[in-house]
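A.B. asks: sequence unknown, structure follows:
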């Protein structure tokens, strides 16, 4: 219940803070009230769906606090080849190309839809490091607004606020299984949009905290 309240508050908060529309060149240019988000994130994971002025869903955003230093979280989100080890429903993460501070990774997900039914989804992401921001680009559409991971150190660097932002996928283009479910059960569309990033952020937090404990124990 506590997490649900926090998520609802976050929707209202982001609407007020960002006034998001698709005309914005980059959400990172907006004025983000860090302290307010941290205070709300202390109560639980925060989720937000972003709509344009026409009421069309455009982007997704999630925030969570990890009991781990920024460097450890950064190592987790930039170790692309190991994503399959901790991200739920991910079957593989293969680095297709890598140079300097960027890499293109091919992912395969097996997404659980409903009552044991699942859908396999494949996609690629080009990552560009600009610590503490990890930009995410669509290799097939380089002109599209990039998504990002953004890390903010808190509590003297002992903990990290993790922000994630990406383009909301078109569920009607994710295969006949997904589109069929959405067509017959439109009320599931929101869950299908929010669940993946919610699980991703929780898994990243838990894995980062595990790595932080391992490092502390090793000393």
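C.D. replies: Noted; the coordinates are in hand. Since the model is a prediction, treat every value here as computed from it, not as a measurement.

A.B. asks: for residue 107, grab phi and psi.
C.D. replies: Recorded main-chain torsions at residue 107 are phi -120, psi 150, according to degrees, to the nearest 10.

A.B. asks: likewise for residue 69?
C.D. replies: Dihedral angles of residue 69 (phi, psi; degrees, to the nearest 10) stand at phi -60, psi 160.

A.B. asks: OK, contacts around it?
C.D. replies: By Cβ atoms under 8 Å, 6 or more residues apart in numbering, the residues touching residue 69 are 153, 157-160, 212. To be clear about C-beta, it is placed using only N, CA and C from the backbone, and glycine gets the same treatment.

A.B. asks: quick check: which element contains the residue most central in space within the chain?
C.D. replies: The centre of the chain sits closest to residue 164, judged by Cα atoms, centre = their mean, with a distance of 4.0 Å. Element membership for residue 164, per DSSP states H and E: strand 159-167.

A.B. asks: gap between residue 97 and residue 104?
C.D. replies: 5 Å (Cβ to Cβ, to the nearest Å).

A.B. asks: and for residue 195?
C.D. replies: On the measure of Cβ to Cβ, residue 195 and residue 104 end up 26 Å apart.

A.B. asks: what does residue 191 give?
C.D. replies: Plainly put, residue 191 is 30 Å away from residue 104 if you go by Cβ to Cβ.

A.B. asks: these two: which has the busier surroundings?
C.D. replies: Neighbours per residue (other Cβ atoms under 10 Å) separate residue 191 from residue 104, with residue 104 holding more: 17 against 13.
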